[in-house]
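Peer 1: Predicted structure and sequence below. I'll ask about it afterward.
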Amino acid sequence: MEEANDTYMADSRVFVNRLTKDIASLTLNSLKDFLASAADTWDYTSINALLLTKNSIFAWRCYQSNDNNREKRDAYFSLYLRASPGQACITSEPIDNETDWEPLKNRTLLELRQSDGRIEIERVTF
């Protein structure tokens, strides 16, 4: 990204700086818009991440899939979810042999919030 080259910063740092600039007002929709713009305009390999705010945990899976070896990239840049009403776990790989791990699709964004002892999960694609 041009800004990383101009400022001699790692592109990851530029990404985090832009992402957290208005973190106090971050919403699922504003994060979705930011990630969609980044994914559509930047040259990257993967921007999978978890972001914790005061009220939510955001998790997203996004990797560049425009090469000839998409299956390998799909397996390598992974993110998994296991959820039940009172708990949720997000990992890069399943941490046990249970079958209830859900692999997230590329360009998926989750927001997890706790409410009345339950975990609410909202999901969008971008």
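Peer 2: Okay, I see it.

Peer 1: Give the helix, strand or coil label for the most centrally placed residue in the chain.
Peer 2: For the chain, the residue nearest the mean C-alpha position is W60 (1.5 Å; C-alpha atoms, centre = their mean). When classified by DSSP: H, G, I helix; E, B strand; the rest coil, W60 comes out as strand.

Peer 1: Next, the contact list for it, please.
Peer 2: Residues in contact with W60 (C-beta atoms under 8 Å, 6 or more residues apart in numbering) are L31, L35, I47, N48, A49, L79, T108, L109, L110. Where C-beta positions appear, they are placed from N, C-alpha and C, glycine not excepted.

Peer 1: Give me the nearest residue to the second one, chain neighbours excluded.
Peer 2: Going back to what we said before, that points to L35. F126 (5.2 Å; C-beta to C-beta, 6 or more residues apart in numbering).

Peer 1: all helices for the chain, in order.
Peer 2: Per DSSP state H, the chain carries helices over the ranges 2-7, 11-20, 28-41, 70-76.

Peer 1: can those go into CSV with extra columns for mean pLDDT, mean neighbour count and distance to S56?
Peer 2: Converted to CSV, the helices of the chain look like this (pLDDT from 0 to 100; neighbours: other C-beta atoms under 10 Å; distance: least, C-beta to C-beta, whole Å):
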stretch, mean pLDDT, mean neighbour count, distance to S56
helix 2-7, 65, 11, 27
helix 11-20, 84, 15, 14
helix 28-41, 94, 15, 8
helix 70-76, 74, 12, 27
